[in-house]
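Peer 1: How does the following fold in three dimensions:
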Amino acid sequence: MSSVAAAAAGPSVSPERKIYVNSGYLRSLHGMLKVAHMVLSIVLFICTMMSLYVHHDSSNYMAFVAMAGFWTSGILLFLYVINVVTFLTMVPWVKVEFGYTCLMCVFSFIAGCVAASGASYGYDPPYGAAAFFAFVLMVVYG
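Peer 2: Purely as a prediction, here's the structure:
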């Protein structure tokens, strides 16, 4: 009797896995957040590089945070847009992104504190702008 019910239901249909450009992801909340991460990271990097103290350790840290955020968000955005994540099912994508965003949130907070400290010591105005954008980046990651 159960074989008759199974035959009547038909074979189970699995979702089709293929690589294609998922432009709808860019209009989703997650896609827009990744684009915002990339834009804010570039702005933070530009503010850091416009400082007169570009070779200072604090500028190096802020540039590291900005570029790490830009490239990692860019790679994740690319993987989601071309739908590669459906092939890599062994990777826990939700946990990976949660860990990445938590880590970058902490790094952005530290970069904002470093930039605010530099601005309070009177380094130059780009440090104040970098502090603002680092804290905005922290909020967007959070």
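Peer 1: who's in contact with residue 35?
Peer 2: Contacts for residue 35 (CB atoms under 8 Å, 6 or more residues apart in numbering) come out as 26, 77. In short, each C-beta sits where N, CA and C put it, glycine included.
Peer 1: hey, where'd the strands end up in the chain?
Peer 2: Counting by DSSP state E, one finds no strands in the chain.
Peer 1: That one: helices as residue ranges?
Peer 2: Ranges of helices in the chain, per DSSP state H, are 2-9, 29-49, 57-81, 93-120, 125-141.
Peer 1: Switch those over to TSV; also include mean pLDDT and distance to residue 23.
Peer 2: Listed next are those as TSV, based on pLDDT from 0 to 100; distance: least, CB to CB, whole Å:
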stretch	mean pLDDT	distance to residue 23
helix 2-9	49	35
helix 29-49	94	9
helix 57-81	93	7
helix 93-120	93	19
helix 125-141	93	22
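Peer 1: Can you redo these as TSV, where the extra columns are distance to residue 87?
Peer 2: Shown next, in TSV, are the helices of the chain (distance: least, CB to CB, whole Å):
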stretch	distance to residue 87
helix 2-9	28
helix 29-49	19
helix 57-81	10
helix 93-120	12
helix 125-141	27
